[in-house]
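> Following is a predicted model, sequence given first.
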Amino acid sequence: MKEITTAIVILAAAHLFCVPALDDIKAENTLPIVKVEVEDDKPATKGVIELQLADWCGPCRKFKAAAIITELEKAGWTVEYNNDMSRKYPTFRVTIDGKSKTWSGYSSKSRFYSHLKNFMNSLGYDDQGRKTD
């Protein structure tokens, strides 16, 4: 215990006597303060896409296998599952700025993105989700 106390006293004394006083530090010898803004990995939400998919549904499985859901989430879309939209599978509902569009039936990757692009364009958005109006 005596050795630990001695070590603490030596470290404290070294800190007190070896660190220069703040008055001795000249402004030109200091590094500038730089503000760094870190961007979040997830972009701002573009809208909400509701999906009605079922495990027993062949077209639903094809849609899931196309990795569209992951792509949408990475692009900033909120993806939700809703099994009360329709009696048809799969069903898709896109909501942007309070306006919705719903379509049902199998949708290949290119067809799905075509529906999405047309709806976004009808609301005054470009393909990247930027308002053009």
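Arrived safely, thanks for sending. Predicted, not measured: the structure shown is a model, and the values here were computed from it. Residues are numbered from 1 along each chain as shown.
> Beyond the helix or strand of the chain with the lowest mean pLDDT, next helix or strand please.
Sorted by mean pLDDT, DSSP states H and E, the helices and strands of the chain end with helix 2-18, the least confident at a mean of 45. Later in the chain than helix 2-18, the nearest helix or strand by DSSP states H and E is strand 48-52.
> What residues of that following strand count as buried?
Of the residues in strand 48-52, those buried by neighbour count under the rule 16 or more other C-beta atoms under 10 Å are 49-52. In short, each C-beta sits where N, CA and C put it, glycine included.
> try stretch 109-116
For stretch 109-116, the neighbour count (16+ other C-beta under 10 Å) marks 112, 116 as buried.
> That one - what's its average pLDDT?
Throughout stretch 109-116, pLDDT has a mean value of 91.
> go on, stretch 47-59?
Averaged across stretch 47-59, pLDDT comes to 92.
> contact partners of that stretch?
60-61, 63-64, 69, 72, 77-86, 89-97, 105-107, 116 (C-beta atoms under 8 Å, 6 or more residues apart in numbering).
> run the last query once more with 6 Å
Here stretch 47-59 makes contact (C-beta atoms under 6 Å, 6 or more residues apart in numbering) with 60, 72, 77-83, 85, 89-91, 93-96, 106.
> same deal with stretch 100-120?
Under the criterion C-beta under 6 Å, 6+ apart, residues 59, 66, 68, 86, 88, 91-94, 127 lie in contact with stretch 100-120.
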